[in-house]
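Novice: Give the three-dimensional model of this entry:
(chains A and B)
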Amino acid sequence: MIRFSWWLFLFPGVSFAFEPPAQDVLVRDGAFRPVIQRVKLPDLISDDSFDGKHFKIVAGKSNEAIRFGSGDSAFLLRAATVYFHLARAREFWVQKLESESVANLEKIVVRIDLPNGFSDLAHFQNDTVNPEFNNAVSIPAGRPLPGLSIEPWGREIWFRPVKRIRTRDLPESGLGGARNPLAAYVRALASMVGESAVSRLVQTTLQAIFFRDLLPAPYPQVVLRDAGTMALASLFLREIWRIDRLFMKKYYYLDTAMVPEIIHHEFAHIALSDQLELTRSTPVIEGLADYFATAISGNPDLAARIRRYSGSIPKRGRNRVPYSPEAERFVYANSDFVLSVLWLVRDRFPAVADRLILHASSMLSTGSSDIRHDLIRALLESCREKCADPRRDRLELIRAFEEKGF
Amino acid sequence: MFQRVLIAFLISLGSGVAFASDAPTYLQNDKEAVSRVYSPRDLKRAKIRVGSVSEGAWGVFSAWVTGAIRSGDDLKSHAELLDSLKPFGFQDPALALADLVILWRSEDRLDDVFVQILRAGGAGTARYLKILKTVKNRYRPNPASDSDRGPNEFSSRRKYRRKGSVTNRMDLYQRFSGFQVLMLSDVLRHLFERMDAIRAQLVFVYPDRQDAIDLSPMGQYYFARRLLLKEMQDLNRSALFAGVPFGFEEVITAALETGLVNGSMLSQVFSIDDLWNPQVTPWQKVTSLALRLTGSSSVFLPPPFNVLASLAVLVVSGIVENRRRPMTQGRAGYDPF
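Specialist: Predicted coordinates:
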């Protein structure tokens, strides 16, 4: 596209400024449905590639920005979507949260379709070592081991390739998995059946001895029936985990570069990385990044209503699951529990929630902060400064946390 | 004297001498609030509400805003001024005026006003004023700037006594001395202070060492709440409160009078007593009754239906209980760590 420039008036002759063409990107509409829209990408410094003032989108391990004409349309759609939403997330942090650290961030290299693991000594792990799919990761800046011919790298965001995996091949899937809350119910029920069988036998025996007339049938028959019922119930509960396969999706996949909230989430990691180092994934850090991802859209859900690109269960900001010490474990870093705690704050104090939570995050650390002690204390302390009536609002927060099971 | 005080007060309001920073805000708020509650069309109803809702400054301002009292009025005596307040339904107009004066902390004029009011009122009035002077807005440093200082539904809620009904506020002033009201209010003040503490620890002291364990933030709150219950029980048993038992309602009323809490905090403050008085909704009552009945009636079913019915009841009651538990004091029960 060629734009008529004001230079033309100063230098009559030939003066044209080139403007990059608009790109198709995936955005959310008013009803939070994904739609493809043609938009101009902001802050590009190149006319023919995804190279901007703040972000450079590259393919895999390359250091060259992806060109507009290269690759198929699906690949370009992913690159444009990532660029557009990163720019949007940056704008939110700089404009709305007035984050100086984000405003002064150096340019971030964003890698798409990179399956390699991260090595803090050599940037990329070897191609043959555990390729990763269906996720995204923010990595800290680093330097290679001395002697290696690798350039130092800055903070980067990597989006892994998408891969369809059979659900039954995933560990911990279905009712058999320890992470399924329904499995706990089934186990509890199975133990109840056992206890109930014993007490029923005692009750029937006592009845047979002292109140024989009250028995509905001869004693052996009653005992046999009870035992049969218990055995059937036990068998049912033992095999119920097979049933969930009927309801589970056959494949798992997650195209992280096509889900706006995941892109916002990864940028939130970078934005928070001044205080919360990108060294490991904890429930608190992931929950904070989730929150700021939802704060941009204003919708409490993450990766919802986007089945074409995500076979994963969406995260829900208004999830009513109460606190359990299990939520502190690293294996639950990607659950939506912390997100739901932070949305309790937002639902009560929408005007100050973003700043309150950002201020709270400055009191946390990657290595040692947990939910029950540190996150809750940080939120309550932050309320002293950010809430309109600290005493009243802290009491309201405490009440909310109490209802959440803390 | 009354006339002078009132007119001086109103003039100082207008000129902003006495309340330079707050006058425009609260004047505007009062006018808006009064015009909302007391529309000129419904003046009769307004009069009733003035009497029932407030015995204080609110009512006097109502009289002023609705035109019953004007700053230019030539009021011959304080008796005439008091007469002009009577139509507004105050039980004792003198108290209303005193309330007004104290509410705005016109301490320098207070003694003169007292003398006048004491002449107008009886022994009951004197007692009321004495308590009022001790407790009113003690913990509210700048009442004029508090946007939520107006009458609230809780203070004016009526409770039934042998000799008729009284409001919570009237009940407090009738039954407790100023010192007692302060002590009641302090029960809640201690809770707030403990809640606001930066950190709380449980310290075990051994002969040769100490072991300090940090409480979690919610544990700090639960512990402070338990201490509140303990303080209430201790006070109720003490000689100071012999013959005047009290509950959490009286504590809240006292805290409202001393300005420790305001109307906007009430719903949060009410939730504090969930520890010993858990809130049970009608729906929860119905479900627990239904579950009990179903559980008992399953005994009369023949096997295998009795077993299946009891299992179903177990599952449903487990789900219901699981949802209900966090409403009281945390899923893990009382666990301050």
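
Novice: Spell out which parts of chain A neighbour chain B.
Specialist: Contact residues, chain A versus chain B (Cβ under 8 Å from any Cβ of the partner chain): A:185, A:188-189, A:192-193, A:196, A:200, A:216, A:222, A:225-226, A:228-230, A:232-233, A:322-325, A:372-373, A:376-377, A:380-381, A:389, A:391-392, A:394-396, A:398-399, A:401-406. All C-beta spots, glycine's among them, are computed from the backbone N, C-alpha and C.

Novice: which stretches of the stretch 151-300 of chain A form strands?
Specialist: A:156-159, A:165-166, A:251-252 (DSSP state E, counting those that start in this stretch).

Novice: Can you say which of these is packed in most?
Specialist: Burial of the strands of the stretch 151-300 of chain A is given as mean neighbour count (mean count of other Cβ atoms under 10 Å in any protein chain shown); strand A:156-159 ranks first at a mean of 24.

Novice: Tell me how far that one lies from the chain's centre.
Specialist: 15 Å (Cα atoms, centre = their mean, to the nearest Å).

Novice: neighbouring contacts of that strand?
Specialist: A:78, A:82, A:86, A:108-114, A:118, A:136-139, A:256-257, A:266-267, A:269-270 (Cβ atoms under 8 Å, 6 or more residues apart in numbering or on different chains).

Novice: need the contact list for the closest residue to chain A within the stretch 151-300 of chain B.
Specialist: Using Cβ to the nearest Cβ, the single residue of the stretch 151-300 of chain B nearest to chain A is B:Gln268, 4.0 Å away. Going by Cβ under 8 Å, 6+ apart, B:Gln268 touches A:392, A:395-396, A:399.

Novice: for the stretch 101-250 of chain B, which spans come out with low pLDDT?
Specialist: B:101-129, B:132, B:141-152, B:162-164 (pLDDT under 70).

Novice: What parts of it come near chain A?
Specialist: Residues of the stretch 101-250 of chain B lying near chain A (Cβ under 8 Å from any Cβ): B:192, B:195-196, B:198, B:214, B:216-218, B:221.

Novice: returning to that earlier point: tell me the buried residues within the residues of chain A next to chain B.
Specialist: A:185, A:189, A:192-193, A:196, A:200, A:222, A:225-226, A:229-230, A:233, A:322-323, A:372-373, A:376-377, A:380-381, A:391-392, A:394-396, A:398-399, A:401-406 (16 or more other Cβ atoms under 10 Å in any protein chain shown).

Novice: Please report the distance of A:Pro42 from chain B.
Specialist: With the distance defined as Cβ to the nearest Cβ, to the nearest Å, A:Pro42 ends up 42 Å from chain B.

Novice: hmm, I was thinking of A:Glu106
Specialist: A:Glu106 is 37 Å from chain B, by Cβ to the nearest Cβ.

Novice: Look up how far B:Phe270 lies from the nearest residue to the residue of the stretch 151-300 of chain B closest to chain A once chain neighbours are set aside.
Specialist: Spatial nearest neighbour of B:Gln268, chain neighbours left out: A:Leu395 (4.0 Å); criterion: Cβ to Cβ, 6 or more residues apart in numbering or on different chains. A:Leu395 is 10 Å from B:Phe270, where distance means Cβ to Cβ, to the nearest Å.

Novice: what do you get for A:Ile376?
Specialist: Distance from A:Ile376 to B:Phe270, by Cβ to Cβ: 22 Å.

Novice: What of B:Leu172?
Specialist: Distance, B:Leu172 to B:Phe270, by Cβ to Cβ: 17 Å.

Novice: Look at those two and report which has more neighbours.
Specialist: Neighbours per residue (other Cβ atoms under 10 Å in any protein chain shown) separate B:Leu172 from B:Phe270, with B:Leu172 holding more: 25 against 16.

Novice: Skip the chain neighbours and tell me the closest residue to the more buried one.
Specialist: Distances taken as Cβ to Cβ, 6+ apart place B:Thr253 nearest to B:Leu172, at 4.7 Å, with adjacent residues excluded.

Novice: cool, and A:Tyr291?
Specialist: Closest to A:Tyr291 by Cβ to Cβ, 6+ apart is A:Leu342, at 4.1 Å.

Novice: For the one you found, grab the count of nearby residues.
Specialist: Neighbour tally, A:Leu342, other Cβ under 10 Å: 27.

Novice: Looks to me like it is in a strand.
Specialist: No - per DSSP: H, G, I helix; E, B strand; the rest coil, A:Leu342 lies outside any strand segment and is helix.

Novice: How about A:Gly317, nearest residue that isn't a chain neighbour?
Specialist: Nearest to A:Gly317 is A:Pro300, by Cβ to Cβ, 6+ apart, at 2.7 Å.

Novice: For that neighbour, the count of nearby residues, please.
Specialist: By other Cβ under 10 Å, the residues close to A:Pro300 number 22.

Novice: Contact partners for it?
Specialist: With Cβ under 8 Å, 6+ apart, A:Pro300 has these contacts: A:294, A:316-318, A:339, A:343, A:346.

Novice: I'd like to know which of those are buried.
Specialist: So, by 16+ other Cβ under 10 Å, the buried ones in the contacts of A:Pro300 are A:294, A:316-317, A:339, A:343, A:346.

Novice: Show me where the stretch 201-337 of chain B has its helices.
Specialist: Assigned by DSSP state H, counting those that start in this stretch, the stretch 201-337 of chain B shows helices spanning B:217-237, B:248-258, B:266-270, B:282-297, B:305-324, B:326-329.

Novice: taking those helices together, which one is wrapped up most tightly?
Specialist: Buried most deeply of these, by mean count of other Cβ under 10 Å, is helix B:248-258, with a mean of 24.

Novice: Flag the shaky bits of chain A, pLDDT-wise.
Specialist: Judged by pLDDT under 70, the stretches of chain A that qualify are A:1-18, A:171-184, A:241, A:243-245.

Novice: Recalculate using a threshold of 50.
Specialist: Counting by pLDDT under 50, chain A has low-confidence residues at A:1-5, A:7-15.

Novice: Just give me the longest helix of it.
Specialist: Ordering each helix of chain A by length in residues (DSSP state H) puts helix A:181-210 first.

Novice: Buried ones in that one, by neighbour count?
Specialist: Residues of helix A:181-210 classed as buried: A:183, A:185-186, A:189, A:192-193, A:196-197, A:200, A:204, A:207-208 (neighbour count, 16+ other Cβ under 10 Å).

Novice: and those residues as a markdown table, adding distance to A:Arg280?
Specialist: Formatted as a markdown table, these follow (distance: Cβ to Cβ, whole Å):
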| residue | distance to A:Arg280 |
| --- | --- |
| A:Ala183 | 27 |
| A:Tyr185 | 31 |
| A:Val186 | 32 |
| A:Leu189 | 36 |
| A:Met192 | 39 |
| A:Val193 | 41 |
| A:Ser196 | 45 |
| A:Ala197 | 46 |
| A:Arg200 | 50 |
| A:Thr204 | 57 |
| A:Gln207 | 60 |
| A:Ala208 | 62 |
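
Novice: quick revisit: mind checking what secondary structure the residue nearest to B:Gln268 has?
Specialist: helix.

Novice: what's the distance between A:Ser199 and B:Leu308?
Specialist: 15 Å.

Novice: returning to what we had before: what's the closest of the helices of the stretch 201-337 of chain B to A:Pro161?
Specialist: Closest to A:Pro161 of those is helix B:305-324 (Cβ to Cβ; 40.6 Å).

Novice: Distance from stretch A:254-272 to the middle of the chain?
Specialist: 8 Å.

Novice: Need the nearest residue in space to A:Ser70, chain neighbours excluded.
Specialist: According to Cβ to Cβ, 6+ apart, the nearest residue to A:Ser70 is A:Leu76 (7.7 Å).

Novice: how close does that neighbour get to A:Pro21?
Specialist: 11 Å.

Novice: Now do the shared contacts for the two.
Specialist: In contact with both A:Leu76 and A:Pro21: A:Phe68, using Cβ under 8 Å, 6+ apart.

Novice: Great, nothing more from me.
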